[in-house]
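> model this:
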Amino acid sequence: MNESQDQITIDQLMPPEQIRLLQILTGAFMSGIFIYTLVVLFLFLNSATPEPGAEELRNPGDDTEFPHTLSMAHAAVVLCCWTAGTLLYRRFTSRKALLSGSSTIYEAFILRLAFIEGPGLFGCVIFQLAAMGREIDDSPLLWLNLLSPVASITFMALTFPTKKNLERLPALAAAGTGNPWADRAEP
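Model prediction:
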């Protein structure tokens, strides 16, 4: 094989219109998580702390077991989704998959966005449930559930699909350059 056959460019795999579409989708995913996080925080900050009354007599000490259980499940969901999203993205954007036409960068990117957004929204929902029941006052560790939306937004911002970022895909590196992702699957 000569050097020209080994080198793949982003222009060969994706027209500029698809890159623009990916940018719009990524922006929508980011803004959706961001706006929902703001709504949850707004609801929390504007809710009044309930006075002890009949509910306090029925449920002394406010049972915080449910939000903590959800938080533990949330940690597992974050690990599983981020790992699955990364592995599937790598598989769908491998040199072999892109050259065979079995997958596209567009599909891989959307799949990864979904796996990254899910845990972020789940963290917001857990925080909202804890804030509405005011369990958040008794257990400040529940604030950690808001780390996943922050991490999701940050990851999406860092991997925003510009042409320059897409050109750095490991599968687009020429064979023989020492890049393990470029060399592992020959077309």
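
> can I get stretch 113-121 in PDB? Just the C-alpha atoms.
The C-alpha trace of stretch 113-121 is given here as PDB (Å, rounded to 0.1, in the frame of the first residue of the first chain):
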ATOM      1  CA  LEU A 113     -23.400  11.800  23.400                       C
ATOM      2  CA  ALA A 114     -26.300   9.700  24.600                       C
ATOM      3  CA  PHE A 115     -24.200   7.600  26.900                       C
ATOM      4  CA  ILE A 116     -22.600  10.800  28.400                       C
ATOM      5  CA  GLU A 117     -25.900  12.700  28.800                       C
ATOM      6  CA  GLY A 118     -27.800   9.900  30.500                       C
ATOM      7  CA  PRO A 119     -25.800   9.900  33.800                       C
ATOM      8  CA  GLY A 120     -25.800  13.700  33.900                       C
ATOM      9  CA  LEU A 121     -29.600  13.800  33.700                       C
END
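
> flag every buried residue along it.
113, 115-121 (16 or more other Cβ atoms under 10 Å). To be clear about C-beta, it is placed using only N, CA and C from the backbone, and glycine gets the same treatment.

> residues contacting P161?
By Cβ atoms under 8 Å, 6 or more residues apart in numbering, P161 lies in contact with 19, 22-23, 26, 109.

> residues in contact with A114?
Applying Cβ under 8 Å, 6+ apart, we find A114 in contact with G85.

> this protein: helices as residue ranges?
For the chain, applying DSSP state H gives helices covering 3-6, 10-13, 16-46, 54-58, 65-92, 95-100, 105-132, 135-138, 147-158, 163-167, 180-183.

> now those in CSV, with mean pLDDT?
Converted to CSV, the helices of the chain look like this (pLDDT from 0 to 100):
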stretch, mean pLDDT
helix 3-6, 50
helix 10-13, 82
helix 16-46, 93
helix 54-58, 52
helix 65-92, 92
helix 95-100, 81
helix 105-132, 92
helix 135-138, 80
helix 147-158, 95
helix 163-167, 86
helix 180-183, 47
